[in-house]
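> here is my input, please return the structure:
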Amino acid sequence: MSISRREFLKTAAVSSAVLAVGPGLLSSKAFAADDILVGGIHDLSGGLDLYGKPMADALILAAEEINEGGGLLGRQIKLITQDPQSNMQQYTQIAQKMALGDKVAVVQGGMTSSSREVIRPILDKAKTLYFYNTQYEGGVCDRNTFCTGATPAQNLASAVPEAISRFGKRIYVVAADYNYGQIISEWVKKYAKEHSGEVVAVEFFPLDVSEFGPTIQKIQAAAPAMVFSALVGGAHVSFYRQWAAAGLNGKIPLVSSTFSHGQEQIVLSAEESNGIITFASYFEAIDSPVNKAFLDRWHKRFGDDYPVVTEFASNTYQGMHLWAKAVAHAGTTDRMAIIEALETGISLDGPSGKVTIDPQTHHVKLDARMAETENQKFKILKQWDQQASVDTQAVCNLNENPDTNEQFVIRP
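Purely as a prediction, here's the structure:
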């Protein structure tokens, strides 16, 4: 099914309006005294909504599953979810309200690294547990924070050499101009060099840039073996459309660490996206009983015409269930008891495969995958099992230094 961004946002707006009268968006005054409050902060507007909407829905599904199973400690979970509109000031205000006003037991949310680093100190100070569920550049070392998305060592360490072996050694990098894009380009250089490849050029683009004609001309002149994309957001989808319009799709391979997270494969036509290679821990095509059952429940809850379940949605779903498993293990909603339970190395067999908390870094060990876009879906080409965040392990040891509270900038 082909769906435009406008059509998807219309669907998202309708879904959000329905949820607003359900348990997910009630005022905290409506909650029973013994409810366990969970905060969700996900972008439903403002340019990153294609990323945020599936994450918000994943949180709803996980909470409903837990409640249908009897809740936690004999209590029901109630969600307080808000849309920060991709605005850092809104992130600040919402995090303060959830932690200090609503007094939620945990916050699941954040999108970009900048949004995470806005709310993380607030939640630390308020002693409110935090789960960050998106792929990022690595380096967060904070006992109060748990990261369920992949770091560069968990996907690029395999992805870059695999791409070099398939396509060649010369790489042209295009990336979003913020922490993730800047740092990820350094990791691409490192892994390329280690496998006899080279990055011939790197270009960064602010999130609101949508004109890529001059860059495409530069790429044609450089004649690389492949283009590596770490572009992000609705405006950057224009790169893939303009690339195809220039007749380059299929001529110079495109590989990406971000394509699919914003559902780019359905925003673009099949002709515009066919053949693009992407790397992620989760694709709907994962052939496992757990994932098939997850997708059945998802579509039963949100409809058979739901556009696509993303990696970030899978991460959020798994993050919520990891937290719930720790609450059950601890027998309390006390923050430190839950942290200690998570630090036992709690595991979950989730849609993306087995995920296990690493006590040293509070990141997860996970499976990494390579897939090719084919008719607006993904065909999995290769899998690397149980990859650890060794980049973050190199700078973070919460076992030995539990009071560490910072994001290390890991530059290879």
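> so how far is Glu340 from the residue nearest in space to the middle of the chain?
Most central in the chain under C-alpha atoms, centre = their mean is Thr134, positioned 2.5 Å from the mean C-alpha point. Separation of Thr134 from Glu340 (C-beta to C-beta, to the nearest Å) stands at 25 Å. Placement of C-beta: from N, CA and C, glycine included.
> which residue ranges of the stretch 51-200 of the chain form strands?
77-82, 106-109, 129-132, 140-142, 145-147, 170-176, 198-205 (DSSP state E, counting those that start in this stretch).
> nearest approach to Gly303 belongs to which of these?
strand 77-82 (19.1 Å; C-beta to C-beta).
> hmm, back to that, contacts only, for the residue nearest to the centre of the chain.
Tyr51, Met55, Gly110, Met111, Gly149, His261, Phe312, Asn315 (C-beta atoms under 8 Å, 6 or more residues apart in numbering).
> need those residues in TSV with pLDDT, can you?
TSV is the format used below for the contacts of Thr134 (pLDDT from 0 to 100):
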residue	pLDDT
Tyr51	89
Met55	96
Gly110	96
Met111	91
Gly149	97
His261	86
Phe312	96
Asn315	98
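> buried ones among those residues?
Tyr51, Met55, Gly110, Met111, Gly149, His261, Phe312, Asn315 (16 or more other C-beta atoms under 10 Å).
> can you add distance to Gln76 and give those residues back as TSV?
Below are these laid out as TSV (distance: C-beta to C-beta, whole Å):
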residue	distance to Gln76
Tyr51	28
Met55	22
Gly110	25
Met111	28
Gly149	28
His261	31
Phe312	26
Asn315	24
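> widest-spaced pair of the residues you listed?
Gly110 and His261 (13.9 Å).
> residue ranges with poor pLDDT in the chain?
Scanning the chain for pLDDT under 70 picks out 1-33.
> can you tell me how far the closest residue to Val173 other than its chain neighbours sits from Asp43?
Leaving aside its sequence neighbours, Val173 sits nearest to Val202 (C-beta to C-beta, 6 or more residues apart in numbering; 4.4 Å). Distance of Val202 to Asp43, computed by C-beta to C-beta: 27 Å.
> so Glu311 touches Ser281, yeah?
Yes - with contacts defined as C-beta atoms under 8 Å, Glu311 counts as touching Ser281 at a distance of 5.9 Å.
> one step back: tell me the one of the buried ones among the contacts of Thr134 nearest Trp384?
Distance to Trp384 across the buried ones among the contacts of Thr134 (C-beta to C-beta) is lowest for Gly149, with 15.9 Å.
> just want to know which of Val202 and Asp43 has more residues nearby.
Asp43 (26 against 18; other C-beta atoms under 10 Å).
> how about the helices in the stretch 301-412 of the chain?
For the stretch 301-412 of the chain, applying DSSP state H, counting those that start in this stretch gives helices covering 311-330, 335-342, 390-393.
> nearest to Tyr172, of these?
Ranking the helices of the stretch 301-412 of the chain by proximity to Tyr172 (C-beta to C-beta) places helix 390-393 first, at 23.5 Å.
> from the chain's centre, how far out does the closest one sit?
Relative to its chain's centre, helix 390-393 lies at 18 Å (C-alpha atoms, centre = their mean, to the nearest Å).
> just stretch 264-284 next, same as before
16 Å.
> for the stretch 1-150 of the chain, just list every one of the helices.
5-19, 49-68, 88-96, 113-126.
> now do stretch 249-268: distance to the chain's middle.
Remark: stretch 249-268 is offset 16 Å from the chain centroid, using C-alpha atoms, centre = their mean.
> hmm, I typed the wrong one, I wanted stretch 139-146.
For stretch 139-146 - counting by C-alpha atoms, centre = their mean - the centre lies 16 Å from the chain centre.
> list the contacts of it.
Applying C-beta under 8 Å, 6+ apart, the contact partners of stretch 139-146 are 116, 120, 123-124, 127-132, 147, 151, 319, 322-323, 335, 339, 342, 357, 361-364, 391-392, 395-396, 398, 402-410.
> restrict that stretch to CA atoms and write it as PDB.
Taking C-alpha atoms only, stretch 139-146 is exported to PDB below (Å, rounded to 0.1, in the frame of the first residue of the first chain):
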ATOM      1  CA  GLY A 139      28.000   7.400  25.400                       C
ATOM      2  CA  VAL A 140      25.200   8.000  27.900                       C
ATOM      3  CA  CYS A 141      26.400   6.900  31.300                       C
ATOM      4  CA  ASP A 142      23.800   7.500  34.000                       C
ATOM      5  CA  ARG A 143      22.500   5.000  36.500                       C
ATOM      6  CA  ASN A 144      19.000   6.600  36.300                       C
ATOM      7  CA  THR A 145      18.800   6.100  32.500                       C
ATOM      8  CA  PHE A 146      18.300   2.900  30.400                       C
END
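> okay, buried residues for that stretch please.
Gly139, Val140, Cys141, Asp142, Arg143, Asn144, Thr145, Phe146.
> re earlier: closest to Ser352 out of the helices of the stretch 1-150 of the chain?
helix 49-68 (11.8 Å).
> so the closest one versus helix 311-330, what angle?
30 degrees (axes from the mean of the first three to the mean of the last three C-alpha atoms, to 10 degrees).
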